[in-house]
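compute the structure for the input listed below.
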Amino acid sequence: MNLDLLLQTYLDPVIGFLAASAVASGVLVALWPYIAGDSLARRMRLVTDEAERIRVRERARLQAGSKVSLRPEPKKFFKDIVDRFGLAKQTSDGGMRRRLRMAGFRGEGPMMAFLALRLLVPLGLFALAALYVFLLADLQQPFALKWGLCVAAGCAGYYGPTIYIKNLIDKRQQAMRRAWPDALDLLLICVESGMSIEGALRKVAAEIGSQSVELAEELSLTTAEMSYLADRRQAFENLSERTGVESIRQAVTTLVQAEKHGTSLGQSLRVLAQESRDTRMSLAEKKAAALPPMLTVPMIIFFLPVLFGVILGPAGIQVLGLM
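Model (predicted):
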């Protein structure tokens, strides 16, 4: 009798919570297409606008003989912070600019924002940690430990923007790496059908967007650069630098050699497409082979107790009932 009362007391709230969670999840899944929005259309529109701005800038430069800056100006708040604390000299760091471009941020605006946030975030976290440790929380700990917690919060704030940029780079590279073999197949079909390399890249950028928005964005920018740069080799090298993906770098080398020596582009693209597919398959097989050892600990922690409970639970209930 006590067991039934205990189960009724604790089981009914759990069942109610699970039912409410299931209903909330169903509503969220049904409304997700309306909440998420169309990210692909928005980003492709931004790429198209940037390509048009590049064309306008070059026409204005050729006609007026003066440079026209079409990059968005940095926000005044971030720019004032960078100028006030003497961080402007760090904008000449080529490695930092390259990492920001690989993360999808271009121009002076993201550079200024990154430098300002790398200064503001540590100070803000340090101040919040000090306010909590010394005023709000009644911590009966030595002063050195409290000070160390504040310093640790400040260090986390300093390295936070860098870690965020690194995570963005990894996600973009992974998305482009997965979609690149299919993009090479489409590029090969377009080239062998008689299209120029500019038209082929434009067509591939329009088609590959449903699979990888990042790759479509980079290919669209490459097409825009090829329309105004005097040397198409520079546009290909910029694509390799912006992505940082090894398979794209190999394809860029092939395109540059074909452009320089006049070799057959179709055969080279066919070999690269096959190698990219093989590389993608080998990476998938490697992850699949590493999956069983990774599942060992979760199975021991989560699956085995539940299994023992299912097996031994009825017997335990019968024993308690007899007692």
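
strands of the stretch 151-300 of the chain, start to end?
Applying DSSP state E, counting those that start in this stretch to the stretch 151-300 of the chain gives no strands.

and for Asp182, the neighbour number?
19 (other C-beta atoms under 10 Å). (Glycine included, C-beta is placed from N, CA and C.)

for Leu239, same thing?
Leu239 - counted by other C-beta under 10 Å - has 23 other residues nearby.

buried ones in stretch 237-250?
237-240, 242-245, 247-250 (16 or more other C-beta atoms under 10 Å).

one more: stretch 94-110?
Quick answer for stretch 94-110 (16+ other C-beta under 10 Å): 96-97, 99-110.

please apply the same query to stretch 273-288.
Buried residues in stretch 273-288 (16+ other C-beta under 10 Å): 273, 276, 279-280.

which of those residues fall in helices?
Secondary structure from DSSP state H places 273, 276, 279-280 of these in helices.

let's have those residues in JSON lines, adding pLDDT and distance to Val306.
Compiled in JSON lines, these are given as follows (pLDDT from 0 to 100; distance: C-beta to C-beta, whole Å):
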{"residue": "Ala273", "pLDDT": "83", "distance to Val306": "46"}
{"residue": "Ser276", "pLDDT": "82", "distance to Val306": "42"}
{"residue": "Thr279", "pLDDT": "83", "distance to Val306": "39"}
{"residue": "Arg280", "pLDDT": "81", "distance to Val306": "36"}
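
dump the residues you listed into a markdown table; add distance to Gly16 as well.
Listed next are these as a markdown table, based on distance: C-beta to C-beta, whole Å:
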| residue | distance to Gly16 |
| --- | --- |
| Ala273 | 54 |
| Ser276 | 51 |
| Thr279 | 50 |
| Arg280 | 46 |
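
closest to Leu221 among those residues?
Ser276 (20.8 Å; C-beta to C-beta).

wait, the closest one sits on Arg178?
No - taking contacts as C-beta atoms under 8 Å, Ser276 lies outside contact range of Arg178: 10.1 Å.

from the ones in helices among the buried residues of stretch 273-288, which is closest to Ala200?
Distances from Ala200 to these, taken by C-beta to C-beta, are shortest for Ala273, at 13.3 Å.

distance of the residue lying closest to the closest one once chain neighbours are set aside from Met226?
If you skip the residues right next to it in sequence, Ala273 has Leu184 as its closest partner in space, 3.9 Å away by C-beta to C-beta, 6 or more residues apart in numbering. Counting by C-beta to C-beta, to the nearest Å, the gap from Leu184 to Met226 is 18 Å.
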